[in-house]
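Student: structure for the following, please:
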Amino acid sequence: MLASSLSASRAVAPRASRAFRDARSSARRTARRARAPARVAAKLEDTPKFVRDSRDDAKAAQPPDAGRTAADVEAFIADLSGDARGDSPVTQTLNKEFGLSDGATPFVRVRDGRGSLTKVTLTHPNGSYVDVYLKGGNVASWVLASGGEVLYVPDDASFKKHAPTDGGNPVCFPQFGAGGERPGSVGAAKMPEDGFANRMEWRIGETGTYASSDGTSCPFVTLELTDDDSSRAAFNHNFKLTQEISLEHNALKVKMTCANTGSTAFEYAIGRKAHIAVSDVREGDVYYVGFEDCVVLDNCLHPTKPRVRFTKDLDAMSERCFKLDGPTDKVYLATEDLATGVEVGTGCTVFAQNLSGERGCVDRAVFNPWEASPKTYRWYAGLGIGNFGKLRVAEPDTKSSTEIQYKVVDSTPSIGIREDFELFEKVNARNMFARPKIDLSNAELPDDMQ
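Tutor: Predicted coordinates for the structure are as follows:
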């Protein structure tokens, strides 16, 4: 009896174990699906969303302190709490002189950033902020109130000598791009690509706040740069360059002023190159918009001496918007002031806008090296704004200013453009296959048909 009971229990146990294992496996699969939902590419009918870095999907699955040393974690906590004990004495002195807070919002803070380089952090009352590094004068980060990072900086970017020029939003002066016959060129090989201002040490001239159109207090910082022996080795002129960087609700504004402090006139290019964080260019949802009725120079097709073309000579679709789907290096001259931008693939568009009219930054640049930079090309779309075609002229003892802004808008203009183009193609196809109508007078008809 006991033997038969044991035998029965042995026979039933494996079936119960298999059922339990099946249920447990099913539960684990369900839990995994709940924790890591499948990524779906953006569609035309998707609800627009603000900028977000698609790499967040991978980072979300890691522990919060993954890849961080204990010192990194402590520095991050100190930054949140406003504790500057880890900053250098020089940085602490600058923060005492130029830091600004109303108790609720730390509008301006001077801190030690990556690579122990000094940075100025501007914080808007809505929670958005930007980091501007004095070494290079470059905006290395712009985070919206929603937490989305607008600018892309490679994870392995070096901050040893200056803020990186291959990420963020570096300044271009007195040259744009490489030397030679390309647009924006004032020097030969001795001039660094995009000039030298983004590698030099800037000084803080002033900080403060101003009231925006809606009455909100917005922070700003003014940075100053003057010529020295290193700059004169490549550009033998005397100058003073200032940039006033301010942060509004969804816009980053920069007013750039160049003063000729010498006795001879000089030409110069000036502007900024933004590396806009996008979802993933391989998914095909990243579009440039607003480049209509202007001159275009394609440096990929003609790298040494770009050929001048008009966007009106392109097909109807490419004139209004085009997809980032390969190596891109173009300069557009005399563009629209407010309409040029890049859709980041998540439902919003970052516009590069000229706020100074005909005497302002009327040119644009779009760039992405594609697989020539295999680790980084997927995550950004380059969008530059400045004076790259017709160089500006600085006469002795004169100065001139130009103001630009990068603005994040929750919209996707290319959707309407593509829908219009699809309708245009359908109408053309229908007209092409339609039977032609013949309208002859009675006298022109054959005799038997009159």
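
Student: which parts of this structure are helices?
Tutor: Taking DSSP state H to define them, one finds helices in the chain at 2-35, 56-60, 70-81, 89-98, 229-234, 316-320, 413-433.

Student: poorly predicted segments of the stretch 351-450 of the chain, please.
Tutor: 424-425, 434-440, 442, 444-450 (pLDDT under 70).

Student: could you rerun that using 90?
Tutor: Low-confidence segments of the stretch 351-450 of the chain (pLDDT under 90): 389, 415-450.

Student: which residues in it form strands?
Tutor: Applying DSSP state E, counting those that start in this stretch to the stretch 351-450 of the chain gives strands spanning 363-368, 380-394, 399-409.

Student: and if you look at the stretch 101-250 of the chain?
Tutor: Using DSSP E, counting those that start in this stretch, the strands of the stretch 101-250 of the chain run over 108-112, 118-123, 129-133, 138-143, 171-172, 203-211, 217-226, 239-247.

Student: could you check how far F173 is from A163?
Tutor: Here F173 is placed at a distance of 15 Å from A163 (CB to CB, to the nearest Å). C-beta coordinates here come from the backbone N, C-alpha and C atoms, glycine included.

Student: and the pLDDT for the spatially closest residue to V408 that is not a sequence neighbour?
Tutor: Using CB to CB, 6 or more residues apart in numbering and skipping the chain neighbours, the partner closest in space to V408 is N250 (4.7 Å). pLDDT recorded at N250 is 95.

Student: my guess is N250 contacts Y406. True?
Tutor: No - taking CB atoms under 8 Å as the definition, N250 is not a contact partner of Y406, at 9.6 Å.

Student: more crowded one of those two?
Tutor: Neighbours per residue (other CB atoms under 10 Å) separate N250 from Y406, with Y406 holding more: 24 against 21.

Student: for R309, see how far away that one is.
Tutor: When distance is defined by CB to CB, Y406 is 27 Å away from R309.

Student: repeat that for E371.
Tutor: Applying CB to CB, the value for E371 to R309 is 25 Å.

Student: the more surrounded of the two?
Tutor: Neighbours were counted for E371 and for R309 using other CB under 10 Å; R309 has more, 15 against 9.

Student: what about that one, distance to S318?
Tutor: Noted for R309: a distance of 11 Å to S318, by CB to CB.

Student: now S128
Tutor: Separation of S128 from S318 (CB to CB) stands at 34 Å.

Student: same deal with A163?
Tutor: Going from A163 to S318 by CB to CB gives 34 Å.

Student: D280 now?
Tutor: For D280, the distance to S318 - CB to CB - is 22 Å.

Student: over to K255?
Tutor: Using CB to CB, we find K255 at a distance of 33 Å from S318.

Student: what does S441 give?
Tutor: Counting by CB to CB, the gap from S441 to S318 is 44 Å.

Student: so for these two, which residue has more residues nearby?
Tutor: Shown here are S441 and S318; by other CB under 10 Å, S318 has more neighbours (15 against 6).

Student: tell me who's in contact with the closest residue to the more buried one other than its chain neighbours.
Tutor: Spatially, and ignoring its direct neighbours in sequence, S318 is nearest to T311 (7.5 Å; CB to CB, 6+ apart). By CB atoms under 8 Å, 6 or more residues apart in numbering, the contact set of T311 is 291-296, 318-319, 332.

Student: repeat that with 7 Å
Tutor: With contacts defined as CB atoms under 7 Å, 6 or more residues apart in numbering, the neighbours of T311 are 291-294, 296, 319.

Student: again with E193
Tutor: Neighbouring residues of E193 by CB under 7 Å, 6+ apart: 177-178.

Student: same thing with the one 10 residues further on?
Tutor: For R203, the set of contacting residues under the criterion of CB under 7 Å, 6+ apart consists of 223-224.

Student: does it have beta-bridge partners, and which?
Tutor: Beta bridges link R203 to E224 when assigned by DSSP bridges.

Student: show me the shaky parts of the stretch 51-200 of the chain.
Tutor: Filtered on pLDDT under 90, the stretch 51-200 of the chain yields the residue ranges 51-86, 102-105, 115-116, 155-166, 177-192.

Student: now do the same for V12: its pLDDT.
Tutor: Predicted confidence (pLDDT) at V12: the value is 37.

Student: likewise for A42?
Tutor: Reported pLDDT for A42: 41.
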